[in-house]
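Colleague: I would like to see how this sequence folds:
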Amino acid sequence: MAKKETAEEKLLKIIEATKKAKGGASSAPVAVAAARPSSLQLLLSPQHINMALIAAVLAGFLFLVYQIKSGVSLLNEDVMISTDASAPQANDAQSLPAIKDVVYYLDKISARNIFQPYEKKADEGVSTAGDTALKGRLAKYKLVGVAWLDVPESATVMIENTSTHETRFLREGDKIDDVTVKTIFTDRVVFSYANEEMTVKL
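Modeller: Modelled structure (predicted):
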């Protein structure tokens, strides 16, 4: 009695038959395709790539040698500098400052020794002789400050009476105890009395 095929066996035979049919039909073209190398593979073979790289290295080396040789030849050439006769000639006396004698510079250095403490010099043009009367009149006053607006003519001096603690605002030409405010600066005031002058600093 013949054995009856199951459904799984029938399905397996159908799959094997289709595989054989496909394999037999495509085996010949695959073999042909494998037998023919493409033109791209012929152009990009490892031998051709290596030869192209060697040629590039040789070309770069030759270019470097040429550049070095041309640079050395330029170093050995003489430099010729020509001036244009039509261009205006600059006057050396005007372009360069006059060099003074060494004594001038030594005097400038010795006038202010940086290794010694700074000593303020007395203001020139202000008489300090006979200041006793002027000092006596200003003894009870204290210079508090100087104020001004946008113009120098608006400068005002603030003077405080140390005994009464009253502060007065005076301009140039004003008087306090017959002492005239002669000149107001930003950091000092010049007072005058009976042809005497005294500078009071802030």
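Colleague: switch to C-alpha atoms for all contacts and neighbour counts from now on
Modeller: Noted.
Colleague: Where does Glu9 fall, secondary structure wise?
Modeller: Assigned by DSSP states H and E, Glu9 falls within helix 7-35.
Colleague: my bad, Phe191
Modeller: Here Phe191, judged by DSSP H and E, is contained in strand 188-193.
Colleague: Quick one: mean pLDDT over the helix holding Glu9.
Modeller: In this model, helix 7-35 has an average pLDDT of 68.
Colleague: do stretch 154-163 as well
Modeller: Averaged across stretch 154-163, pLDDT comes to 87.
Colleague: For that stretch, list every residue counted as buried.
Modeller: When burial is assessed from 16 or more other C-alpha atoms under 10 Å, stretch 154-163 yields the following buried residues: Ala155, Thr156, Val157, Ile159, Glu160, Asn161.
Colleague: In this protein, mark out all the helices, start to finish.
Modeller: 7-35, 39-43, 46-76, 92-95, 102-111, 132-138 (DSSP state H).
Colleague: returning to that earlier point: what helices or strands is the strand holding Phe191 leaning on?
Modeller: Applying 3 or more C-alpha pairs under 8 Å, 6 or more residues apart in numbering; DSSP states H and E, one finds that strand 188-193 makes contact with strand 179-184, strand 196-201.
Colleague: go again using 10 Å as the cut-off
Modeller: Contacts defined by 3 or more C-alpha pairs under 10 Å, 6 or more residues apart in numbering; DSSP states H and E place strand 188-193 against helix 132-138, strand 141-147, strand 175-176, strand 179-184, strand 196-201.
Colleague: Select the helix or strand of this structure having the lowest average pLDDT value.
Modeller: The helix or strand of the chain with the lowest confidence, counting by mean pLDDT, DSSP states H and E, is helix 92-95 at a mean of 51.
Colleague: partners of the strand holding Phe191, with directions?
Modeller: Sheet pairing here is set by DSSP bridges, and for strand 188-193 it gives strand 179-184 (antiparallel), strand 196-201 (antiparallel).
Colleague: relative orientation of it and strand 141-147 in degrees?
Modeller: For the pair strand 188-193 and strand 141-147, the angle between their directions (axes from the mean of the first three to the mean of the last three C-alpha atoms, to 10 degrees) equals 130 degrees.
Colleague: and for strand 188-193, what are the contacting residues?
Modeller: The set of residues that contact strand 188-193 without belonging to it, under C-alpha atoms under 10 Å, 6 or more residues apart in numbering, is 126-127, 131, 133-135, 137-138, 143, 145-146, 157, 172-173, 175-184, 197-202.
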